[in-house]
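Student: Next one to model:
(chains A and B)
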Amino acid sequence: MMPYYYCLVGIIKREFLRFLQQRTRLLSALIRPLLWLVVFAAGFRAALGVSIMEPYGTYITYQQYITPGLCCMIVLFNGMQSSLSMVYDREMGSMKLLLMSPLPRPFLLLCKLIATAILSLIQVCIFLLIAQFVDVDTPAWGYLTAIPAIFLIAFFLGALGLLLSNLIKQLENFAGVMNFVIFPMFFLSSALYPLWKMKEASLWLYWICNYNPFSYCVELLRFALYQELNLNAFLVVSLATLLVSVLAMFSFAPKRTLRG
Amino acid sequence: MSIVVRDLSYGYGNKEVLKQLSFSLGTGFNLLLGPNGAGKSTLFSLLTGLFNQGQGEVELCGLDLVQHRRAALAKLGVVFQQSTLDLDLSVKQNLIYQGSLHGLSAMDSLNRVTSILEKLELSQRLNERVRQLNGGHRRRLEITRALMHRPKVILLDEPTVGLDTDSRLLIIEHVRQLAKEMDICVLWATHLMDEANFDDELVLLDRGQIRASGQCQQLYKKHEVNDLFELYRKLTQQVELI
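Tutor: Modelled structure (predicted):
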């Protein structure tokens, strides 16, 4: 078992060291959700009122409402970006080195996904700390209970990114991922508005949001931040994670099959 | 035999880039010579299992690359044409990462390469960022890294590209020495003819086909030529400027 342990630790450490070296990466990961939180939410606060709903015990501000969604947005961007680079790196760069390891390939990909999830977790924690200064009031213990939820979500979205990049050639650039994956997933979810509000606006949009696994990620985290377990969301995200990771690992070819 | 290739063919779409290659190589310094576009990198991708094997078979140290991929990879070290080093990490961090991919602890990883680092004059640079190293040192680091897990076969894909003559000759000399000392099979791909010695085993690849295979000196005799340049010209009808 020790070789597997050393490998996992080595991959996590390397990703972490690289992350520390790339300070602009952290900055750009934080600036997007902070803009949403500080600018967008402030504008919408006046226009939208969010009534009492679970898990909140009282009326909450719009900033408070969208915080879990923005946390998931960070994770979504990071997961997709890393998975995309894994696919790109197959033919050139460091992924070649990884694929030359004698350890099982699914295990190596698993290590990469775990490392990505840890980096996402760190970014979200920093975001949540900054969010405190913008009237986002999360119970202190909520940060702790949110950690496993963020990790699970990060792993799911990383695996989903890998699966999509394996299957869809056109997703080789990040613009494609933004337009066809990130934005639809984000906007068609409960990240920015409660689903009952969406139901009032459009029933078919509501149903799309309802079947979007990202909605369950957001709700899992929303409840976890209040030390509650949304069992329905947890089951959906867990099952989706299992399914997507297995598919991602077995659809990963060392080289794109389109040319070979 | 360390590397055995049988009837290996590979194509991109309809374009066949490797045609029915068969050769076998033992320990020592082996040269894969061919002009740009001959199929050397494709062959390396097949030998490393990075490309799904086309038609034919590849064996590394008696292990079939498809059936025993993991065991075969454990015996294989590679230096790719394009650098796979993390430029923002230190020499030490790059080495430890490589070790971890082979299931080695950080300490074990460094211990295993101490002597190679000294030989390649890198031991004083362990804490330097790779970005600060010049091209020659980076290549030496990649060679060290490829030897860490004590492979029986090491593949180097045009490792001297972009280096000045002195660095080139120094690196090739070091690798020849290491091949002898460690009793391993080195397959050195190049398009530069001055990197060959008369007693090297040679595989001459051109437009996806093997034009000649054997010891350089014997090939000169067989084809009645005086040197590699003439042999190359005779068998490929092309002249590559050095």
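Student: what residue is smack in the middle of the chain?
Tutor: Picking chain A for this. In chain A, the residue lying closest to the centroid (CA atoms, centre = their mean) is residue A:75, at 2.8 Å.
Student: that's the other chain; I wanted chain B
Tutor: Closest-to-mean residue, chain B, CA atoms, centre = their mean: residue B:156 / 2.0 Å.
Student: element containing it?
Tutor: Here residue B:156 sits within strand B:153-157, counting by DSSP states H and E.
Student: and what of residue A:124?
Tutor: Per DSSP H and E: helix A:105-131 holds residue A:124.
Student: ok, which stretches of the chain are helices?
Tutor: Answering for chain A, as no chain was given. Using DSSP state H, the helices of chain A run over A:2-21, A:23-35, A:41-47, A:62-88, A:94-99, A:105-131, A:140-167, A:174-177, A:183-187, A:195-201, A:203-211, A:213-224, A:231-251.
Student: not quite, I wanted chain B
Tutor: B:40-47, B:69-74, B:91-101, B:106-119, B:135-147, B:165-182, B:216-222, B:228-236.
Student: Would you tell me which one of the ones you listed is buried the most?
Tutor: Counting by mean count of other CB atoms under 10 Å in any protein chain shown, helix B:91-101 has the highest mean neighbour count of the helices of chain B, with a mean of 24. Where you see a C-beta, it was placed from the backbone N, CA and C, and this is true even at glycine.
Student: how far does stretch B:22-29 stretch from start to finish?
Tutor: 18 Å (CA to CA, to the nearest Å).
Student: What residues of it count as buried?
Tutor: B:23, B:25, B:27-29 (16 or more other CB atoms under 10 Å in any protein chain shown).
Student: Turn the residues you listed into JSON lines, including distance to chain A.
Tutor: JSON lines is the format used below for the buried residues of stretch B:22-29 (distance: CB to the nearest CB, whole Å):
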{"residue": "B:23", "distance to chain A": "22"}
{"residue": "B:25", "distance to chain A": "19"}
{"residue": "B:27", "distance to chain A": "21"}
{"residue": "B:28", "distance to chain A": "23"}
{"residue": "B:29", "distance to chain A": "22"}
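Student: and chain B, which of its residues are near chain A?
Tutor: Residues of chain B lying close to chain A by CB under 8 Å from any CB of the partner chain are B:10, B:12-13, B:45, B:48-52, B:54, B:70-71, B:73-74, B:76, B:78, B:80, B:82, B:84, B:86, B:88-89, B:93, B:96-106.
Student: got the contact list for the residue nearest to the centre of chain B?
Tutor: Listed by CB atoms under 8 Å, 6 or more residues apart in numbering or on different chains, the contact set of residue B:156 reads B:78-79, B:143, B:146, B:175, B:186-189.
Student: out of these, which one sits closest to chain A?
Tutor: Distance to chain A, by CB to the nearest CB, is smallest for residue B:78 among those, at 5.9 Å.
Student: Quickly list what the residue nearest to the closest one when sequence neighbours are not counted is bridged to.
Tutor: Nearest non-adjacent residue to residue B:78, counting by CB to CB, 6 or more residues apart in numbering or on different chains: residue B:155, 4.9 Å away. Under the criterion DSSP bridges, residue B:155 forms beta bridges with residue B:78, residue B:187.
Student: Report pLDDT for residue B:155.
Tutor: Note for residue B:155: predicted pLDDT of 94.
Student: got the contact list for it?
Tutor: By CB under 8 Å, 6+ apart, the neighbours of residue B:155 are B:44, B:47-48, B:76-79, B:187, B:189.
Student: Mind doing that once more with 6 Å?
Tutor: B:44, B:78, B:187 (CB atoms under 6 Å, 6 or more residues apart in numbering or on different chains).
Student: and the gap between the first one and residue B:58?
Tutor: By that I understand residue B:44. Separation of residue B:44 from residue B:58 (CB to CB, to the nearest Å) stands at 11 Å.
Student: Ok, residue B:140 next?
Tutor: Distance from residue B:140 to residue B:58, by CB to CB: 28 Å.
Student: and the residue nearest to residue B:27 when sequence neighbours are not counted, how many residues sit next to it?
Tutor: Nearest in space to residue B:27, with sequence neighbours left out and distances taken as CB to CB, 6+ apart, is residue B:185 at 4.9 Å. Other residues lying near residue B:185 total 24 when counted by other CB atoms under 10 Å in any protein chain shown.
Student: Quick check: residue B:185 touching residue B:153?
Tutor: Yes - counting by CB atoms under 6 Å, residue B:185 touches residue B:153, with 4.6 Å between them.
Student: Show the contacting residues for the residue lying closest to residue B:33 once chain neighbours are set aside.
Tutor: Nearest in space to residue B:33, with sequence neighbours left out and distances taken as CB to CB, 6+ apart, is residue B:204 at 5.3 Å. By CB under 6 Å, 6+ apart, the contact set of residue B:204 is B:33, B:211-212.
Student: Going by distance to residue A:238, which of the buried residues of stretch B:22-29 wins?
Tutor: The nearest member of those to residue A:238, counting by CB to CB, is residue B:25 at 50.2 Å.
Student: now that closest one, nearest residue through space, not along the chain?
Tutor: residue B:3 (4.5 Å).
Student: Tell me what the one you found is bridged to.
Tutor: Under the criterion used here (DSSP bridges), residue B:3 is bridged to residue B:25, residue B:60.
Student: Just give me the neighbour total for it.
Tutor: So residue B:3, with other CB under 10 Å, has 21 neighbours.
Student: do you know how far it is from chain A?
Tutor: For residue B:3, the distance to chain A equals 16 Å [CB to the nearest CB, to the nearest Å].
Student: same check, this time on residue B:47
Tutor: 11 Å.
Student: lowest confidence element among the helices and strands of the chain?
Tutor: Assuming you mean chain A. Here the helix or strand of chain A ranked lowest by mean pLDDT, DSSP states H and E is helix A:41-47, holding a mean of 70.
Student: Can you check what pLDDT the model gives residue A:32?
Tutor: 85.
Student: do you know how far it is from residue A:166?
Tutor: From residue A:32 to residue A:166 the distance is 26 Å (CB to CB).
Student: Over to residue B:75?
Tutor: The value you get for residue B:75 to residue A:166, if CB to CB is used, is 29 Å.
Student: Residue B:29 now?
Tutor: For residue B:29, the distance to residue A:166 - CB to CB - is 39 Å.
Student: what do you get for residue B:57?
Tutor: 27 Å.
Student: Show the low-confidence segments of chain B, by residue range.
Tutor: Residues of chain B meeting the criterion pLDDT under 70: B:53, B:237-242.
Student: at 80 what do you get?
Tutor: Chain B contains residues with pLDDT under 80 at B:13, B:52-54, B:237-242.
Student: hmm, stretch A:24-36 touching chain B?
Tutor: No - judged by CB under 6 Å from any CB of the partner chain, stretch A:24-36 and chain B are separated, with a smallest distance of 11.3 Å.
Student: from the chain's centre, how far out does that stretch sit?
Tutor: Its chain's average C-alpha position is 14 Å from that of stretch A:24-36, according to CA atoms, centre = their mean, to the nearest Å.
Student: do stretch B:183-200 as well
Tutor: 9 Å.
Student: more neighbours, residue A:32 and residue A:166?
Tutor: residue A:166 (22 against 14).
Student: Chain neighbours aside, what residue packs nearest to the more buried one?
Tutor: Counting by CB to CB, 6+ apart, the residue nearest residue A:166 is residue A:251, at 4.4 Å.
Student: how far away is the one you found from residue A:16?
Tutor: Taking CB to CB, one finds residue A:251 at 27 Å from residue A:16.
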